[in-house]
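Visitor: Sequence and computational prediction follow.
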Amino acid sequence: MGCNGSREFSSYNHRVDKELDFKGQSGPFGNRNYNYDKYMKENENVTIIGYLQESFKKYSKNVCCGWRQAFLNDKKEIELKPEFQTFTYGEMWSMSTIIVKQIIKLGLAPTKTYPKDDQYDEEEGNFKMLGLFARNCPEWVCMDIACQLDSITSATFYSTLGDESFEYVFNQTHLETLCISPENINVIIKYQEKYRFKSLKHIIVFDLTLLTNAEDNKLLEDKMREYNINVYYFSQLITAKPEELKDINNTISKPETLFTLCYTSGTTNLPKGVKVKQRNVGGQTNILDDVDFLITSSDVHFSYLPLAHIMERTMEMTLFVYGASIYYISGETKKYLALEIGIVRPTFMFVVPRVLAMYKTLIMDGFHKLTGLKKVLADKALATKSENFDKTGEITHWLYDSIVFNKVREKFGGRIRAFCCGSAPLPQELAKTIKILFSAPIMEGYGMTETTSGTIGSSLLDTRNLSSGGIIRSCLFKLVDVPELNYHSLTTDSQGRHSPTGEIYMKGNCITSGYFRDKKNTALTIDKDGWLHSGDIGRIIPEDQGLRIIDRVKEIFKLSQGEYIAPAKLESAYGFCPYLEQICVYGDSTCTFVIAIIFPSRLKVKAFLVSKGLMKEEDKLEDVDNFFDKDVLHDEIRDSFNKIAKEMNFNSLEKIPKMIIHNEMFSLQNGLLTDTMKLKRRSFATMFAKQIEKIYGM
């Protein structure tokens, strides 16, 4: 159960070469325990598939992954069996070797070249591509491994990508084969009818562990037949006998083979395909060692974060290297996470801050409902552990853990010994509460799709969560001054201690070589010396030399769910609302939704209020200001926003549930616009701080 932690944890980052410090930057910084140059030389030829070949043989009898089987009951309703079914490592490897040879035999991933065309740049080299548009399941992993066994690059799609971005990615990659899960059957039919993808020739339905129905299958087959597209079923592909495929040879991926294209949002609504190579992922297998977290073959992971994103993908590949077991959620997180975590009983959890906040709310609400002696005991337990944590960093208690907090742990399976948190900054107060409730530490991390997931991580032994921690052994970072934001290498903290601050630049084995068929964005992100410009602002914390993420250079931000929001894209769309003159979309990584700060069209607002009998035609125009905080106006503008969101096919996080209506136009004079008439977002955060705090309940 957890660990006691430390208030005197050793220094996280050290300067690799002090002679390289010069005006305008701090660093570079390296891992406290490993020599970067030595590591790079020793691991220049690593591949993740090389590690997997060894581990799947070594752990062949261990449980590899599990799922709950769905079935139709007597009422034709979908139900799930109470227990999880499993595949062993040996069974998964056997299926993967059959699938890869079926891919070759059926010509599902032919070799392609990518010359320059009107929309995309040339990409040097020859590639074999296959698309994955499915939720987490054993078939996903099996296909992933199969691709690696024949140097095939997987291009991943996720549900919130959006119509236009889906088309952009498909046309950029010229995919001939797309793997889908059953719930995406109607989606791919819609896309094919709308966009008529010329390259698409084959669809593989993941139906081995996921439930399909005859009606949907027939609809898919009939619709795809109209476009001369073949439909295959995963369950049928794996039935081929090995002797039928014995003469088919596959080419295993090499270090420079493109493992995957993982798409990340850009400053517009069009995504960028991050090129992740085999050596990038192979070099990440030591990341858990670097945060003092020992994974063994007895560990159990509950997979609910999307495999289409790099964090979950890299971690699952790493866990397979250690022979751990992975169980897949049966559907939507809201419906199945709380239910199935008690069945799976994971030994650790990968989370984003929003999930931890949800856990905290559920547990604390339960405590508040207690009465009598139980409430007195719970309050005393919380107060005592909180006081101990503040003094010593302890997160366990000899008495209260056994009589109070073990009951909390049992609801989550009873075996969680640590949380690994990433994707967005973790508020310290939230971290403290979770550690006390679960008697388990939180390892906080920082990384990007472009860095093949985490590059910075705090130690399992450090319960303070003062920062995101230290750099992993396969990477270096430096902090470069951002004068316009007043971030620089000479920054000091409130106590006058040196606390270098700047934009985080990174280089190393885990860094992408760029964006697929996108030389412009590649050049903007990676400089001629190989340093990746993250766009994030970091600060070295004097207490432990850990790196804390404090700001972003770029306008794009994440919400606490870990999803990126591009405000300019939303402003452009919502600007068509008839009641607006100007709009600024605001949000940050500690919040769950975006809000709009708007300057309205008083004429249009008055016309609406007159139509509702709330104003008269003869009333003064400025009298509409009296309604700026009224529900009737907010509801009307929100309805307009929702119509636009539906037309633009925005996902739920891109919708605007709340707003601030301002009575003054955004201008250069009031500090809300730059001299080129662009929004000064930091000024909005300052000017409207009180209203923002009220909306978010801070």
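Guide: That came through, no problem. Residues are numbered from 1 along each chain as shown.
Visitor: Correct me if wrong: residue 444 contacts residue 470.
Guide: No. In this structure residue 444 lies outside contact range of residue 470 using C-beta atoms under 8 Å: 11.1 Å. C-beta: built from backbone N, CA, C; applies to glycine.
Visitor: Now do the shared contacts for the two.
Guide: 457, 458 (C-beta atoms under 8 Å, 6 or more residues apart in numbering).
Visitor: Alpha carbons only: can I get stretch 173-182 in CSV?
Guide: Provided in CSV are the C-alpha atoms of stretch 173-182 (Å, rounded to 0.1, in the frame of the first residue of the first chain):
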residue,chain,number,x,y,z
THR,A,173,-2.1,9.1,-45.8
HIS,A,174,-3.8,7.5,-48.9
LEU,A,175,-5.0,4.6,-46.7
GLU,A,176,-6.3,1.5,-48.5
THR,A,177,-7.3,-0.3,-45.3
LEU,A,178,-9.1,0.9,-42.2
CYS,A,179,-9.8,-1.2,-39.1
ILE,A,180,-13.0,-0.2,-37.2
SER,A,181,-14.9,-1.2,-34.1
PRO,A,182,-18.6,-2.0,-34.5
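Visitor: Next, the buried residues of it.
Guide: By 16 or more other C-beta atoms under 10 Å, the buried positions in stretch 173-182 come out as 173, 174, 175, 176, 177, 178, 179, 180, 181, 182.
Visitor: likewise stretch 215-231?
Guide: Buried residues in stretch 215-231 (16+ other C-beta under 10 Å): 217, 220, 223, 224, 229, 231.
Visitor: farthest-separated two in the residues you listed?
Guide: 217 and 229 (14.0 Å; C-beta to C-beta).
Visitor: In TSV: the buried residues of stretch 215-231, plus pLDDT, secondary structure and distance to residue 690.
Guide: Below are the buried residues of stretch 215-231 laid out as TSV (pLDDT from 0 to 100; DSSP: H, G, I helix; E, B strand; the rest coil; distance: C-beta to C-beta, whole Å):
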residue	pLDDT	secondary structure	distance to residue 690
217	95	helix	56
220	96	helix	53
223	96	helix	54
224	96	helix	56
229	97	coil	56
231	98	strand	57
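Visitor: could you dump those residues to JSON lines with distance to residue 418?
Guide: Formatted as JSON lines, these follow (distance: C-beta to C-beta, whole Å):
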{"residue": "217", "distance to residue 418": "42"}
{"residue": "220", "distance to residue 418": "42"}
{"residue": "223", "distance to residue 418": "47"}
{"residue": "224", "distance to residue 418": "46"}
{"residue": "229", "distance to residue 418": "46"}
{"residue": "231", "distance to residue 418": "43"}
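Visitor: returning to that earlier point: inside helices: which ones of the buried residues of stretch 173-182?
Guide: Using DSSP state H, residue 173 are the members of the buried residues of stretch 173-182 that sit in helices.
Visitor: What is the nearest of the buried residues of stretch 173-182 to residue 533?
Guide: Taking C-beta to C-beta as the measure, residue 173 is the one of those closest to residue 533, at 25.4 Å.
Visitor: The closest one - nearest residue in space that isn't next to it in sequence?
Guide: Nearest-residue entry for residue 173: residue 155, 4.9 Å, with adjacent residues in sequence omitted and distances by C-beta to C-beta, 6 or more residues apart in numbering.
Visitor: which residues does that neighbour bridge with?
Guide: Listed by DSSP bridges, the beta-bridge partners for residue 155 are residue 131, residue 261.
Visitor: Show the model's pLDDT score for it.
Guide: Note on residue 155: pLDDT of 97.
Visitor: wait, doesn't it sit right on residue 128?
Guide: No. Using C-beta under 8 Å, residue 155 is not in contact with residue 128, being 11.1 Å away.
Visitor: Now the phi/psi pair for the residue lying closest to residue 165 once chain neighbours are set aside, please.
Guide: Counting by C-beta to C-beta, 6+ apart, residue 165 lies nearest to residue 271, which is 5.1 Å off, once chain neighbours are set aside. Phi and psi for residue 271, reported as degrees, to the nearest 10, are phi -80, psi 170.
Visitor: For stretch 326-339, what does the pLDDT average out to?
Guide: Averaging pLDDT along stretch 326-339 yields 90.
Visitor: That's all I had, so thanks and see you.
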